[in-house]
Each structure stands twice: as structure tokens, then as C-alpha cells.
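Visitor: Fold the following and give me the result.
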Amino acid sequence: MSSDTPDGDAIVAAILDRRSIGRIAPDPIPRAQVEELLGAAIRAPNHHLTNPWWFVVITGDARREIGEAFARAGLRADPDLSPADVEKAANRLERAPVVIACCVRPGEDPVTAREDRDAVAAGIQNLLLAARARGLASMWRTGVMPDCPEVLEALGLAPRDAVVGFVYLGLPMGPDPANRSPRPGVAELSVWRGW
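Guide: Next comes the predicted model:
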């Protein structure tokens, strides 16, 4: 496909239009739609076809179950955490009807492990773009929780597995946000050599 075709224009427009939307309606979304998005995720570039991705799709009561692990992790880090903050941590995954823990199952070799993590990050971008194309709101969140043993255990991950990010997913609540975070221009972020 040439970059100057209408399809190419649509792809570039989708990339430039993508944004994080944190205001997500509580309405459920069909499992088949989530499966389609995961199918887009695993089409990301992947060195040596190691297929390092692993997804834990969290919905319904499982959001609270994993949220309780967030609360335990918060209390371990700060035993003086207020009851309100503990409850906030426990409710965190209930901001969206579906939360996908996007995880990496890395190879043993350090270079392969780095490439595997990069592949999962590229997969998350594919997932976010596919969600946008289907009219869904999405947001990629990380913070400290992906590194907490309580959370990793609650997700059922193996010892070498890691969470690359949590993707919150659902129908947008209201219109798209009008203001977008400013991004620097290409000239500010590039050095061109031999061009």
C-alpha cells in the first residue's frame, strides 16, 4: 500500500488523531471487540517472532479483586496510608469496564528481553489505535503498580513476566476532549544526517 493512497491517508490521520481518554462510561463492551483489539496488538513488530505478549483481560468483579492487590501494595509501601487512599487504590481498575494488563514474557538473553518488551509496547500502540478506530476510549497507565509483587501475583504472572502497561478501555463518556497536550515539533526532536 502506497502512503499516498486514501487508506494510507486514513492510517496517518488515525495516528495523528489518537489521544488518551480517561472519562470512560461504565457500559460493557463485547468480548469479540476486545478480541479484535488484541488481534491488532499482536500484529506489532516482533524481532525473531518470539511472541512475547501476554494479556490479562480484567472485567466485572475481577477489577475489584486485582484492585485489592493494588490496595495491599499501597499499604505495604506506606503503612500510614489513609483509609480513603486505600479505597481509591482498590477502586482504581473500576474506572473502565475493561482493563487489559499488557504483559511481556521476555526471553533469557538481555537483548531479546529488551526487544520483547519493545514489541509489547508497540502492541499497546496498535491496541490503542484499533480502539480509536472502533470509537472506543482508551488510556495507557503505568505508575508503580506494574512493579508490585502483590499485583503481579494477583495477575497470575510467572516470575520473569512483567506488566508493560494497563490499558483502560470502554465507551467514551461525552465528547472527545477539545484540548490536546502540546507536542514539540519534529524539528525539536530530530537530528538529520546525510539528508
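Visitor: going forward, measure contacts between C-alpha atoms and count neighbours the same way
Guide: Will do.
Visitor: so where do the helices sit in the protein?
Guide: 6-17, 31-41, 62-77, 83-91, 110-133, 149-154 (DSSP state H).
Visitor: Dump these to JSON lines, plus distance to residue 99.
Guide: Converted to JSON lines, those look like this (distance: least, C-alpha to C-alpha, whole Å):
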{"stretch": "helix 6-17", "distance to residue 99": "22"}
{"stretch": "helix 31-41", "distance to residue 99": "10"}
{"stretch": "helix 62-77", "distance to residue 99": "8"}
{"stretch": "helix 83-91", "distance to residue 99": "12"}
{"stretch": "helix 110-133", "distance to residue 99": "12"}
{"stretch": "helix 149-154", "distance to residue 99": "14"}
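Visitor: Out of those helices, the one nearest residue 172 is which?
Guide: Smallest distance to residue 172 across those (C-alpha to C-alpha): 10.1 Å, for helix 110-133.
Visitor: Quick one: the helices of the chain as CSV, columns for mean pLDDT too.
Guide: As requested, the helices of the chain are exported to CSV (pLDDT from 0 to 100):
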stretch, mean pLDDT
helix 6-17, 79
helix 31-41, 97
helix 62-77, 92
helix 83-91, 91
helix 110-133, 95
helix 149-154, 91
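Visitor: Redo those helices as TSV? Include mean neighbour count and distance to residue 164.
Guide: Conversion of those to TSV gives the following (neighbours: other C-alpha atoms under 10 Å; distance: least, C-alpha to C-alpha, whole Å):
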stretch	mean neighbour count	distance to residue 164
helix 6-17	13	21
helix 31-41	16	13
helix 62-77	20	16
helix 83-91	16	19
helix 110-133	21	7
helix 149-154	18	11
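Visitor: What residues does the spatially most central residue of the chain make contact with?
Guide: Per C-alpha atoms, centre = their mean, the C-alpha nearest to the average position across the chain is that of residue 167, at 3.2 Å. The neighbourhood of residue 167, defined by C-alpha atoms under 8 Å, 6 or more residues apart in numbering, consists of 99-102, 124, 138-141.
Visitor: Of those, which belong to strands?
Guide: Helix and strand membership here follows DSSP state E; of the contacts of residue 167, those in strands are 99-102, 138-141.
Visitor: Filter these down to the buried ones.
Guide: Buried members of the ones in strands among the contacts of residue 167, scored by 16 or more other C-alpha atoms under 10 Å, are 99-102, 138-141.
Visitor: for stretch 62-78, the distance to its chain's centre please.
Guide: 19 Å (C-alpha atoms, centre = their mean, to the nearest Å).
Visitor: Next, the angle from the longest strand seen in the chain to helix 31-41.
Guide: Here the longest strand in the chain is taken by residue count, with DSSP E as the criterion, and it is strand 162-170. Per axes from the mean of the first three to the mean of the last three C-alpha atoms, to 10 degrees, the angle that strand 162-170 makes with helix 31-41 is 140 degrees.
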